[in-house]
Each structure stands twice: as C-alpha cells, then as structure tokens.
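Undergrad: I need the structure of the sequence given here:
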Amino acid sequence: MNTPLAHVFHYNKWANLTLIDACTALTDDQLATRLPVASGSVRELLVHIVGGQQTFALRTKGRQHEGELNRQSAWPGFDMLRRLAVESSDDLIAIAEALDEDSDVDLPWQGNSFYFPKSFFLVHAIEHAIEHRTEIKLALASAGVATPDLDAWKFSEAQGYG
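TA: This next block holds a predicted model:
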C-alpha cells in the first residue's frame, strides 16, 4: 500500500472541496469571472478540475471519454459537482494507494496506442488541479473576493497534525 502517495491525493481532495465550498457563495457574475490570462471562467474551471480527475482516473485504466465532465459540459450545480469531486478524488486516492510498482498503461487514441507509466496520470492529476485552483483563486482575488487558504499547513490543521 502506497500510503505516502495516497496522502498527496487526500490533500488534493481537501483542497478541491475547500475551494468548491468557498465558491458556493459566489454570484453568477462572480462564477463567470475570467481573467484575460486564465483558461476559463471560475465556473468552467471548477467543472474542468473535476472532469480532469475523472479522466485521469480512467486513463490509469487505459480508458477515457466515458462521459466525464469537460469544459463544454453544462454546469451541474454545486451539489452534483461536489459529489463528483468526492467520487473522483476517492478514485485517485485508491489508485495511489494501490500503486506499489509502476506499470505501463496502453491508452488508445484515434487508432493508435500510446504507452504511459500509470504514475504519469497521477502526476498530471495533481499538477492539473493545482494549476486550475490557482487560476480560480486569482480570478476571485481580482474580483475582490476572499479566497480560501489552500496551503498544506491549513490541510495539516484540518487533519489534526502538529
């Protein structure tokens, strides 16, 4: 069991849910906030983070494009978004826990097969979420909205460490 790697994904789950919960108080205009340098509105990025987690979990199994959320998905609402965030986070945690030894994943795409180490999709999941959480926090801050502290020290407090 790879408990240390799974711990990284416990942080990821906490950070995503903390941000989603903080965004529930936003107005429609604030959810539509988009910085010129951001890759989407706050609403689009929230959906994209969760859909990305769904995709990365599937890709560790050599699958993708099975109805997961994406940037063009309709807004599911906060209750559904949070539920899907929990499910996809728990999937990534379970995958990380089980990764004692890396293995290659055959990912078919447009008639070709591409091979990736399973761990690559976990690295990508973490990087992807951090990047887009940061974009959301910057968009909110630029609109004058207080943002949650997603630092690992806050995670440690939430976990009862120290």
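
Undergrad: show me where this structure has helices.
TA: Taking DSSP state H to define them, one finds helices in the chain at 3-23, 28-31, 42-59, 78-98, 118-142, 152-159.

Undergrad: So which of these is nearest residue 71?
TA: helix 42-59 (5.3 Å; CB to CB). (Each C-beta comes from the backbone N, C-alpha and C, glycine too.)

Undergrad: And that closest one, how far out from the chain middle?
TA: Distance of helix 42-59 from the chain centroid (CA atoms, centre = their mean, to the nearest Å) equals 6 Å.

Undergrad: now do stretch 135-147
TA: With CA atoms, centre = their mean, you get 18 Å for stretch 135-147.

Undergrad: related to what we said a few turns ago, export the helices of the chain as a markdown table, with columns for distance to residue 105.
TA: Converted to a markdown table, these look like this (distance: least, CB to CB, whole Å):
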| stretch | distance to residue 105 |
| --- | --- |
| helix 3-23 | 16 |
| helix 28-31 | 35 |
| helix 42-59 | 7 |
| helix 78-98 | 11 |
| helix 118-142 | 5 |
| helix 152-159 | 29 |
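
Undergrad: any idea which of the ones you listed is most buried?
TA: Highest mean neighbour count among the helices of the chain (mean count of other CB atoms under 10 Å): helix 42-59, with a mean of 23.

Undergrad: Export that one to CSV, keeping only CA atoms.
TA: Taking Å, rounded to 0.1, in the frame of the first residue of the first chain, the C-alpha atoms of helix 42-59 are listed here in CSV:
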residue,chain,number,x,y,z
VAL,A,42,-14.5,30.2,-12.4
ARG,A,43,-17.5,28.0,-13.2
GLU,A,44,-15.7,26.5,-16.3
LEU,A,45,-12.6,25.8,-14.3
LEU,A,46,-14.4,24.1,-11.4
VAL,A,47,-16.1,21.8,-13.9
HIS,A,48,-12.7,21.3,-15.6
ILE,A,49,-10.9,20.3,-12.4
VAL,A,50,-13.5,17.7,-11.5
GLY,A,51,-13.7,16.4,-15.1
GLY,A,52,-9.9,16.2,-15.3
GLN,A,53,-9.9,14.0,-12.2
GLN,A,54,-12.5,11.7,-13.7
THR,A,55,-10.4,11.5,-16.9
PHE,A,56,-7.1,10.9,-15.1
ALA,A,57,-8.6,8.1,-13.1
LEU,A,58,-9.9,6.5,-16.2
ARG,A,59,-6.6,6.9,-18.0
